[in-house]
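**Student:** Structure for this input, please:
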Amino acid sequence: MSSPSRGAPVSGEAPQRRKRGRPRIERDEELQLNQTRIPEQMRGYLKAIAAYRYDTLIKMHEAAFRRFLEEKPYEQGLQFRIPRTVSDTGWVQVNLLLPETLSNQVRADAALLGVSLASYTYTVLYWWATYVYPPQAS
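**Tutor:** All right, here's what the predicted structure looks like:
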């Protein structure tokens, strides 16, 4: 007599889905998608910072954008950077999930400054990786 196959329902039960990854975080507000393009090397560096300091990319992105809006480094001379296309070697698309109110503030600030949302978000990530958490020389 063979045993039931792994994961097969027993006596009419519905199969249970295995939960994978981290548990979902309950949030007070919805997350909104913002897209930009960054160098793949920068993406890896930002993921390492997020894992080490913030647990998730969402928390790190939220901290970065809140601080950028508070400090306004473009008033001290930071130039907005224009992201390259994904077809350029080494550049990847990044989907940023931000709380809806923060995302609306970012969009409003970008519109007020007359820069595209992709340029604004790339500049925030560039500033975060270059000036807030600069790579240490080995």
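**Student:** for the residue positioned nearest the centre of the chain, phi and psi?
**Tutor:** When CA atoms, centre = their mean is applied to the chain, the residue found nearest the centroid is residue 96 (3.7 Å). Phi and psi for residue 96, reported as degrees, to the nearest 10, are phi -100, psi 130.
**Student:** Nearest residue to it in space, ignoring adjacent ones along the chain?
**Tutor:** Excluding the flanking residues, the one nearest residue 96 by CB to CB, 6 or more residues apart in numbering is residue 34, at 4.4 Å. Backbone N, C-alpha and C define where each C-beta goes, glycine included.
**Student:** mind listing what that neighbour touches?
**Tutor:** The contact partners of residue 34, by CB atoms under 8 Å, 6 or more residues apart in numbering, come to 95-98, 103, 106, 117, 121.
**Student:** Kindly recompute the last result at 7 Å.
**Tutor:** 96, 98, 103, 106, 117, 121 (CB atoms under 7 Å, 6 or more residues apart in numbering).
**Student:** I'd assumed residue 54 was in contact with residue 60.
**Tutor:** Yes: with contact defined as CB atoms under 7 Å, residue 60 and residue 54 form a contacting pair (4.0 Å).
**Student:** isn't there a strand covering the residue nearest to residue 96?
**Tutor:** Yes: remark: residue 34 belongs to a strand, assigned using DSSP: H, G, I helix; E, B strand; the rest coil.
**Student:** Great, nothing more from me.
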